[in-house]
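# Just need the structure, nothing else, for what follows:
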Amino acid sequence: MAPVPVSGALHYFRVLPEQWPQRLAMLRAMGLDAVETYLAWNMHEPTPGTFVLGGRADVGRFLDLAADAGLDAIVRPGPYICAEWDNGGLPSWLLADRSARLRCSDPGFLGHVARYFDAVLPAIAERQRTRGGNVVTLQVENEYGSYGTDRRYLEWLCDALRERGIDVPLATSDGASDYQLTGGTIPGVPAAVNFGDDPEKAFATLARYRPDDPPRCMEFWNGWFDHWGERHHTRPAADAAAVLERILATGASVNLYMAHGGTNFGTTAGANLGGAESVGGYQPTVTSYDYDAPIDERGAPTAKFHAFREVLARHRTEAVPEPEPLPPVLPAGTVRLDDTLRLLDVPPASVTGSAVPRTFEELGLHHGLVLYRSAIPGPRDSHPLHLDGLADRAHVFVDGALTAVLERSAETSVPVAVKGESASLEILVESMGRVNYGPGLGDRKGLVGGVRHDQQFLHGWTASTHPLDDISELPWGTADTAGRGPTYHRGVLTVAEPRDGYLALPGWTKGYVWVNGFCLGRYWDRGPQRTLYLPWPLLRPGANELVVLELDGVTEPVVEIRTEPEL
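Below you'll find the predicted structure:
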């Protein structure tokens, strides 16, 4: 084994369970000693008090498979994880209470955390090294020094972990700066630093604040993630490998972030706010979490994998297994999606009336679309219609006609005149990822600040919810009565045998894709991501249902199957 432990991040919730063994074997083949994973609270407790601990959320099985692969495990249970994951892993239902206080010693928040820990920690505790398992470390919270200074909160978390049987070493991790290390560390708990380069400087900063702690990097950022409408990030393999060599030369332990990124399936991708202090423009994260990691989104080794493997081999005394080759991908082809269904012809999950627009969280909707309806009294001249606090994108219909498509951090108002006694107003709002980092955490969705015509607030609203997590009951064959707005398209993908593939949607604008009822994620023609990864476990031999919800309009309802990703 290596003189110091070298681990790699692989999140069970970003990979289908059938693919966990292959991904873990690839970590071992790269020369790693351990796997590191967060726990995603919002996956485990989608509604208050209802826990999901099996299937994609079966972290116990994931840890057992890691042990089978010869890997120890570092677990980061949160409750907050960042991870470019929706709301940093915190459940959206926490935000139904507009007075909610997150990531602090607020009693209400701590009560929810205690219930979550009660549910998920037994599977971790029974697999600790102290009980013959492979879990060697748990992290307390995550990069707390980037957010707050509530020492009581951090100490409460330590006590909560210990009270629930966690007896392996604890740790914290933060950026290598003065305010991050003074805000996020805990007396008596070893600290680690996170960085992408200049390890000597980062470890010197850590030593200045924690002279008795060994050098440790919890996140070596060997790649990076992407936002919609921005460039695709890559990092040369030789550059990342050289920094890894420098880290190991200091005698430090290191965790590769990411070793394998995976995919933000469905609506799980988070978002950021721009600027040095993370309070600027809204930046939603793409569906792929490939991260330019050494193991790509499909699980294949990259040039970075081989460069890291070479570095790690120089610091090991034992040989590691060779990576297993992957089977071929689906052949290239096309699929027509000729069945159509208007979203507005689908019965909503709920219809609620209120004086002012209610947020998605107040409506009990995690993600999806909400159709808000009201009226503007008239007659009146043209005045700007303001969608205050729009989160995140809205189709505005006045008297049934599409008037504008507005976006958060762009234009959120449109001029509207009323010729008669009143005008009907419909605002179809789509949510994107919730902010997962910085002061913007706790990002509510919908018409968060209300709607104004000039300075006048509009009242008397109904809200019809359209969740996207289950499309099994869509009423295909319904006559088109809406005549406007987003449209579902359906076709059949026929395969000889299940294999990985990549879906491309040229000519489509923005929306969501499902294969056999499983939501692959979002697409958007502004890029940079142009293909969606299609994992083989979602397919079956023969016919497979392919559904696309197009929000803005498509030139030709054809989806392409490609043999290579375009990220």
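# From now on I want contacts and neighbour counts done on CA atoms only, so please keep to that.
Will do.
# Leaving out chain neighbours, which residue sits closest to T531?
A504 (4.5 Å; CA to CA, 6 or more residues apart in numbering).
# swap in A303?
A303's closest residue in space is A237 (CA to CA, 6+ apart), at 6.2 Å.
# Give me the distance between the one you found and P379.
Going from A237 to P379 by CA to CA, to the nearest Å gives 64 Å.
# For the two, indicate the residue with more neighbours.
Taking other CA atoms under 10 Å, A237 and P379 do not tie; A237 has more neighbours (20 against 13).
# tell me the phi and psi of the more buried one?
phi -60, psi -40 (degrees, to the nearest 10).
# Could I get the contacting residues of it?
303-304, 307 (CA atoms under 8 Å, 6 or more residues apart in numbering).
# go with 10 Å
222-223, 292-294, 302-308 (CA atoms under 10 Å, 6 or more residues apart in numbering).
# Among the residues you listed, name the ones in helices.
303-308 (DSSP state H).
# What's the local residue count around P5?
Neighbour number of P5 under other CA under 10 Å is 17.
# Might one say that it is in contact with L256?
No. Using CA atoms under 10 Å as the test, P5 is too far from L256 to be in contact (11.2 Å).
# which residues are common contacts for those two?
L32.
# The closest residue to R540 other than its chain neighbours: what's it in contact with?
Spatial nearest neighbour of R540, chain neighbours left out: P498 (5.6 Å); criterion: CA to CA, 6+ apart. For P498, the contacting residues are 329-330, 535-542, by CA under 10 Å, 6+ apart.
# Show me which of those are buried.
Among the contacts of P498, those buried by neighbour count (16 or more other CA atoms under 10 Å) are 329-330, 535-536, 538-540.
# Out of those residues, which is nearest to L343?
L538 (24.4 Å; CA to CA).
# returning to what we had before: pretty sure the residue nearest to T531 is touching L532, no?
Yes. Counting by CA under 10 Å, A504 touches L532, with 6.6 Å between them.
# Looking at these two, which one has more neighbours?
L532 (25 against 21).
# ok, for that one, nearest residue in space, not its chain neighbours?
Distances taken as CA to CA, 6+ apart place L503 nearest to L532, at 5.0 Å, with adjacent residues excluded.
# And the one helix or strand G60 maps to, what's buried?
Using DSSP states H and E, G60 sits within helix 59-68. Within helix 59-68, the residues scored as buried using 16+ other CA under 10 Å are 59-67.
# Now do V254: how many residues are near it, please.
Residues near V254, counting by other CA under 10 Å: 23.
# that's a strand at it, yeah?
Yes. According to DSSP: H, G, I helix; E, B strand; the rest coil, V254 belongs to a strand.
# ok, it - contacts?
Contacts of V254 by CA under 10 Å, 6+ apart are 4-8, 192-194, 215-220, 244, 247-248.
# how much space between it and A73?
Remark: distance between V254 and A73 (CA to CA) = 13 Å.
# go on, W536?
In terms of CA to CA, W536 sits 26 Å off from A73.
# Likewise for L539?
31 Å.
# my guess is the residue nearest to L532 meets V329, correct?
No. Using CA under 10 Å, L503 is not in contact with V329; the gap is 11.8 Å.
# any shared contact partners between those two?
534, 561-564.
# Give the ChimeraX command for selecting the buried subset of these.
The ChimeraX selection below is limited to those of these classed as buried (16+ other CA under 10 Å):
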select :534,561,562,563
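# pLDDT score assigned to M1?
In this model, M1 is scored at 34, pLDDT.
# Now do the helices in this protein.
Using DSSP H, helices in the chain cover 20-30, 41-44, 59-68, 107-125, 151-163, 178-184, 199-209, 237-249, 303-313.
# Next, format those helices as TSV and append mean pLDDT.
Converted to TSV, the helices of the chain look like this (pLDDT from 0 to 100):
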stretch	mean pLDDT
helix 20-30	98
helix 41-44	98
helix 59-68	98
helix 107-125	98
helix 151-163	98
helix 178-184	97
helix 199-209	98
helix 237-249	98
helix 303-313	97
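# And D388, how close does it get to L549?
Counting by CA to CA, the gap from D388 to L549 is 26 Å.
# so how many other residues sit close to the spatially closest residue to T172 that is not a sequence neighbour?
Leaving aside its chain neighbours, T172 sits nearest to A191 (4.8 Å; criterion: CA to CA, 6+ apart). By the criterion of other CA under 10 Å, A191 has 28 neighbours.
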